[in-house]
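**Student:** would you be able to build a 3D model of this:
(chains A and B)
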Amino acid sequence: MPTEESSGCQQMSSQAKGLHMPITSETDGPNATCVIDGRFDAHETPSFRSFVDEFHASRPGEALRLRVVLARTTFIDSSGLAELVRAMKQLTAGGGGGGIVLVEPADPVLVILELTRLSTMFEIEEAATLTIDTE
Amino acid sequence: MSESVIDAASGPQTSTIDDLDALQSQVAAAEATIGELTGALVEANDQLLAVYDLAAVRLRSLDEDEAVAEILCLASRQLQCDVAMLNGVGSAHRTGHPTDDDAWMVDCGRSMLADPSRSQFDNGRGRNVLAVPVQCPADGERALVVGRTSGRFSTSDRRVVEAVADTLAGVVTTTALHERALVASEHDTAARLAQGALPRRQPEMAGVDAHAMSMPARAAGGDFYAHAIVDDALHFVVGDVSGKGLPAAIMMVTLVSASNAAIRRFATQGPSAILGGIDSDAYDFLSDAGMFATMMVGTVWPKQRVFQFANAGHGPLMIVDEHTTTMVEASVPPVGVLPLGEIPTTTCVLEPYDLVVIGSDGLTEQVDPAGLMLGDVGLADMVSECRGRAAVEVAAKVFDAVETFANGEEQADDRTIMVLQLDDQAHA
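**Tutor:** Numbers count the residues shown, from 1 in each chain, chains lettered A, B, ... in the order given. Model prediction:
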């Protein structure tokens, strides 16, 4: 090891601070949840893909379940849809109950899923309808 | 100056000699000071010239290897070093002859990056090293390491090394950005060349007035269309590949080719068979690439006034008759998601001048300066007023109206439209 002497220079940090992260995720064994806020388009798909690839590689041979919460997703384009389809194929490829659930998709997302008929491809968990008894 | 006292015993000569000695000492001290000042001025001037040289290198070259090598040579010469190296992840530049201390000097750089408060190193065998960080936003942090055997590095040496590090950071960042811009420009060119796959002629058939047009976005999407007249029918495909840029453009060219082939092979069996043919050809290609394509396949028999279509996730599709504008939903998911299986066909009877408008999401997803999206309803409002106009006019009017709606906002995706209607020559 080299011997070293202090020069007293200021430590520099490369850590980015204050960046808005529209995609947050957490993993619990074979289950993971990914929350996508705001726009889900070509700018956001790389971080989603990285998370899914990492999750998929973390437990080889196991049936993995991914819940994608889209309740606060304001826009999804074909790049975002393609990533959801890719994740679905990746997680269902091994069989055994693995897969992806779209949780409470916001209206703009639900409309796109229905227009493209992709709604028939995904397991979708819609928000419970609140019934108010006025009597 | 010492006071001159004339002593009777020693006489005036002794006192004068002492005075001269003292004077000579003072002159020598003054000369030494002048020498130091001159040295400092020369050093400052050399540093200034070195900084000029560094700036010149930065402006002269866009080749990273060449520019870094030149800067390291300048730094070595200025600091009288026998080794100067720039080390980073997956890259290394070096000047000077290899020495036994090279690996140790690389370690010095790593140690400095781990703890930037440690920058000067001594191997105990006369080798002194100064290491400073080089901040390269484009590809992370690197270490500039200079080494010599002619003594420790001074504070002014450190200033020079820091100036060199700043210059290197500028060069590395500039060249990386230049390379990226070059790649982006080539992608953009390739994506635009892909537009050449689209048909150059409009469909021409007695009884049918049809017009298709596409305006690619800056980051080209994968909108496409194809058409052909087979027997007594006009067959067409309008589609959109997921994603943007070169991958979408390459896939678009493939799908235009698959569409033309499927029309030739399956025209007599109608739109579902054509769509099934495209799915058979393109599914694996799309699926392997993690992409999909929405597409609407239509066939018009003007003599029978019959319009049939099969829609794999494509939108918007609108039919404008004398009274209403109807939005038509897709019947199956896009091509590339899962093999399509059975594909339903929808059949309509068109009256002359009923408009069939097939757009792409680049029209409906266009936003205005306030961030409001045009949407299917906005587009339906535009086309509902167009019945009775020629197809080319309708297409142009919609493009103009979308541009007016955008009001200066960037076109984020390809805009594509196909408009068709039967004219008075069509008969049932």
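**Student:** leaving out chain neighbours, which residue sits closest to residue B:408?
**Tutor:** residue B:369 (6.4 Å; Cβ to Cβ, 6 or more residues apart in numbering or on different chains). The way it works is simple: take the backbone N, C-alpha and C, and place the C-beta from them, glycine included.
**Student:** element containing that neighbour, please.
**Tutor:** Counting by DSSP states H and E, no helix or strand carries residue B:369.
**Student:** next: residue B:81.
**Tutor:** Element membership of residue B:81 [criterion: DSSP H and E] is none; it lies in no helix or strand.
**Student:** again with the one 3 residues further on
**Tutor:** Assessed by DSSP H and E, residue B:84 sits inside strand B:83-88.
**Student:** so, in contact with chain A or not, that strand?
**Tutor:** No. Judged by Cβ under 8 Å from any Cβ of the partner chain, strand B:83-88 makes no contact with chain A; its nearest approach is 12.9 Å.
**Student:** stretch B:311-319 too?
**Tutor:** Yes. Stretch B:311-319 comes into contact with chain A (Cβ under 8 Å from any Cβ), by way of B:312-315.
**Student:** also stretch B:330-345?
**Tutor:** Yes. Using Cβ under 8 Å from any Cβ, stretch B:330-345 comes into contact with chain A via B:330-334, B:336-338.
**Student:** distance from the chain centre to that stretch, please.
**Tutor:** Taking Cα atoms, centre = their mean, to the nearest Å, the mean C-alpha location of stretch B:330-345 is offset from the chain mean by 34 Å.
**Student:** give me the contacts around it.
**Tutor:** Under the contact criterion Cβ atoms under 8 Å, 6 or more residues apart in numbering or on different chains, stretch B:330-345 has outside partners A:85, A:115-118, A:120-121, B:242, B:270-272, B:275-276, B:278-279, B:282-283, B:286-287, B:291-296, B:308-315, B:346.
**Student:** ok, now stretch A:46-57?
**Tutor:** Against stretch A:46-57 from outside (Cβ under 8 Å, 6+ apart): A:21, A:23, A:25, A:27, A:32, A:34, A:36, A:40, A:64, A:66, A:83, A:86-87, A:90-91.
**Student:** tell me the one among these nearest to residue B:67.
**Tutor:** Residue B:67 lies nearest to residue A:21 out of the contacts of stretch A:46-57, by Cβ to Cβ, at 35.6 Å.
**Student:** between which two of the residues of stretch B:330-345 next to chain A is the distance greatest?
**Tutor:** Spanning the widest gap among the residues of stretch B:330-345 next to chain A are B:331 and B:336, at 16.2 Å by Cβ to Cβ.
**Student:** ok, the two, which is more surrounded?
**Tutor:** Neighbour totals were compared for residue B:331 and residue B:336, and residue B:336 leads with 30 against 19 (other Cβ atoms under 10 Å in any protein chain shown).
**Student:** returning to that earlier point: only whichever of the residues of stretch B:330-345 next to chain A are buried, select them in PyMOL.
**Tutor:** Filtering the residues of stretch B:330-345 next to chain A down to the buried ones (16 or more other Cβ atoms under 10 Å in any protein chain shown) takes a single PyMOL command:
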select buried, chain B and resi 330+331+332+333+334+336+337+338
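**Student:** any chance of a markdown table for the residues of stretch B:330-345 next to chain A, columns pLDDT and secondary structure?
**Tutor:** Output for the residues of stretch B:330-345 next to chain A, formatted as a markdown table (pLDDT from 0 to 100; DSSP: H, G, I helix; E, B strand; the rest coil):
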| residue | pLDDT | secondary structure |
| --- | --- | --- |
| B:330 | 93 | coil |
| B:331 | 92 | coil |
| B:332 | 95 | strand |
| B:333 | 95 | coil |
| B:334 | 96 | coil |
| B:336 | 94 | coil |
| B:337 | 92 | coil |
| B:338 | 90 | coil |
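**Student:** next SSE after the lowest-mean-pLDDT helix or strand in chain B?
**Tutor:** Least confident helix or strand of chain B, by mean pLDDT, DSSP states H and E, is helix B:11-60 with a mean of 68. Counting by DSSP H and E, the next helix or strand C-terminal to helix B:11-60 is helix B:64-79.
**Student:** is that following helix anywhere near chain A?
**Tutor:** No. Helix B:64-79 is not in contact with chain A by Cβ under 8 Å from any Cβ; minimum separation 15.4 Å.
**Student:** how about the residue nearest the centre of chain A, nearest residue that isn't a chain neighbour?
**Tutor:** The centroid of chain A falls nearest to residue A:34 when counting by Cα atoms, centre = their mean (3.7 Å). Taking Cβ to Cβ, 6+ apart, and ignoring the residues beside it in sequence, residue A:34 has residue A:25 as its nearest neighbour in space, at 4.3 Å.
**Student:** report the contact partners of that neighbour.
**Tutor:** A:32-35, A:51.
**Student:** for residue A:116, see how far away the closest residue to chain A within the stretch 151-300 of chain B is.
**Tutor:** Per Cβ to the nearest Cβ, residue B:242 is where the stretch 151-300 of chain B lies closest to chain A, at 3.8 Å. Separation of residue B:242 from residue A:116 (Cβ to Cβ, to the nearest Å): 10 Å.
**Student:** ok, those two, which is more surrounded?
**Tutor:** Taking other Cβ under 10 Å, residue B:242 and residue A:116 do not tie; residue B:242 has more neighbours (30 against 26).
**Student:** who are the contact partners of that one?
**Tutor:** Residue B:242 neighbours (Cβ under 8 Å, 6+ apart): A:78-79, A:81-82, B:222, B:248, B:291-293, B:334, B:336.
**Student:** for it, give its distance to residue A:66.
**Tutor:** Distance, residue B:242 to residue A:66, using Cβ to Cβ: 19 Å.
**Student:** count the neighbours of residue B:288 for me.
**Tutor:** For residue B:288, the tally of surrounding residues (other Cβ under 10 Å) stands at 9.
**Student:** quickly list what the closest residue to residue B:360 other than its chain neighbours is bridged to.
**Tutor:** Spatially, and ignoring its direct neighbours in sequence, residue B:360 is nearest to residue B:416 (4.1 Å; Cβ to Cβ, 6+ apart). Beta bridges link residue B:416 to residue B:214 when assigned by DSSP bridges.
**Student:** low-scoring stretches of chain A, by residue?
**Tutor:** Chain A contains residues with pLDDT under 70 at A:1-21, A:128-135.
**Student:** and the strands in it?
**Tutor:** Along chain A, counting by DSSP state E, strands occupy A:3-6, A:23-28, A:31-36, A:38-40, A:65-69, A:73-76, A:99-103, A:123-125.
**Student:** spit out the contact partners of residue B:247.
**Tutor:** Counted by Cβ under 8 Å, 6+ apart, residue B:247 has contacts B:289, B:291.
**Student:** so it, which of the three states?
**Tutor:** Three-state call for residue B:247 (DSSP: H, G, I helix; E, B strand; the rest coil): helix.
**Student:** which parts of the stretch 51-200 of chain B sit against chain A?
**Tutor:** Residues of the stretch 51-200 of chain B lying near chain A (Cβ under 8 Å from any Cβ): B:104, B:107-108, B:111, B:115-124, B:129, B:132-133, B:135, B:140-141, B:158.
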